[in-house]
Structure formats: C-alpha cells, structure tokens
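Student: Sequence first, predicted coordinates after that:
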Amino acid sequence: MPETHVTRALHQEHQATLALLRRLDAMLGRHGPATPPDPADPALAPLLRDLASAVTGEIGPHFAFEERALFPLLAEADELVATLTAEHAALLPAAVTLAAAARVPGLPAAWAGFHAAAAALSAALAAHVEKEEFGLLPALDVVLDAETDALLAMDYAAQR
C-alpha cells in the first residue's frame, strides 16, 4: 500500500483509470469489431464521455506531473524512468486520438477502428499502471521525505 501522500494520490488515480478500463473492456467485449453498440445504449454515452474526460483531466496531467516533479527524484531508477517516459510518449497521443474519436457523433460507423484502438490502448495503459504500481510508487515511497512529499502533494492538488 502506498505510504506517502503523493503515492496515495497516484494510486487512487490508477484505480480510477483501471475502473474506467474495465468499463471500456466490458463494452468492447459485448460489441465485437463488426457489431457496433446501439447509439441509444444507456451505457455508451457516459462511457465515451468519461473516456474523453479522463484523457484530458486525468491521464495527461498525471503523466506531466510524474515527468516534471517525480522522475527527477529517481536518479537511481534510470531504466524505470526511461521506460515509463517512453510509454507516456506513446500512450498519451493514442489516448488523445481515442478520446477525440469518442466525441465524434456517429461512432458506430467507425466502430471497427475505434474497437481496435480502444482494445490496444486499454491493454497498454493497464500494463503501464501495473509498472507504476509495482515499480514507481514503491521507489517514490523510499525517496520522498515528509517535507518533499507535502510540497509535491500540494503541487499536484493545485494542478487538479
């Protein structure tokens, strides 16, 4: 379990992201690439709205905070930081593209492409969260002293 304010905040965001991915995966599982959902499906609009909102309001700021404020603290974890930074560089554009597609009316017409992109992003983002949960957060718990943790927690909260 995360020990610092910062790692607890990141952990909570990871859990929210995984919950959203579970909802997305459930929708993808109910509707294969050739079987778009009914636009009147009551679960579709909220899911697409939440997906678009998560990219701009959570995932992008989460990645930016890690890269700006946290990764520099992990000088001894260069390989982990390099891996996570590379994943951020690949995941964020894919997430932004998917979020834009989720906002477009007539998604069922483009469902096959959306389905493939959403499935790929979901798998990659879930794997990324796992790396952060089992690599980044424990490393941060070791290097963050109480004062730095408090300052970073306030900084992160101010971004939200």
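Tutor: All right, it came through fine.
Student: which helices and strands does the helix or strand where Ala86 lies pack with?
Tutor: Taking DSSP states H and E as the definition, one finds Ala86 inside helix 78-103. Applying 3 or more Cβ pairs under 8 Å, 6 or more residues apart in numbering; DSSP states H and E, one finds that helix 78-103 contacts helix 44-54, helix 60-65, helix 111-131. (Each C-beta comes from the backbone N, C-alpha and C, glycine too.)
Student: Tell me which of those sits nearest to Leu28.
Tutor: The closest of those to Leu28 is helix 111-131. By Cβ to Cβ, the value is 5.6 Å.
Student: which is the next helix or strand following the closest one?
Tutor: helix 137-143.
Student: Could you pull out the buried residues of the helix holding Ala86?
Tutor: Of the residues in helix 78-103, 80-81, 84, 87-88, 91-92, 94-95, 98-99, 101-102 count as buried by neighbour count, 16 or more other Cβ atoms under 10 Å.
Student: hmm, back to that, including distance to Pro2 and mean pLDDT, could the helices and strands packed on helix 78-103 go into CSV?
Tutor: As requested, the helices and strands packed on helix 78-103 are exported to CSV (distance: least, Cβ to Cβ, whole Å; pLDDT from 0 to 100):
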stretch, distance to Pro2, mean pLDDT
helix 44-54, 20, 91
helix 60-65, 14, 96
helix 111-131, 13, 95
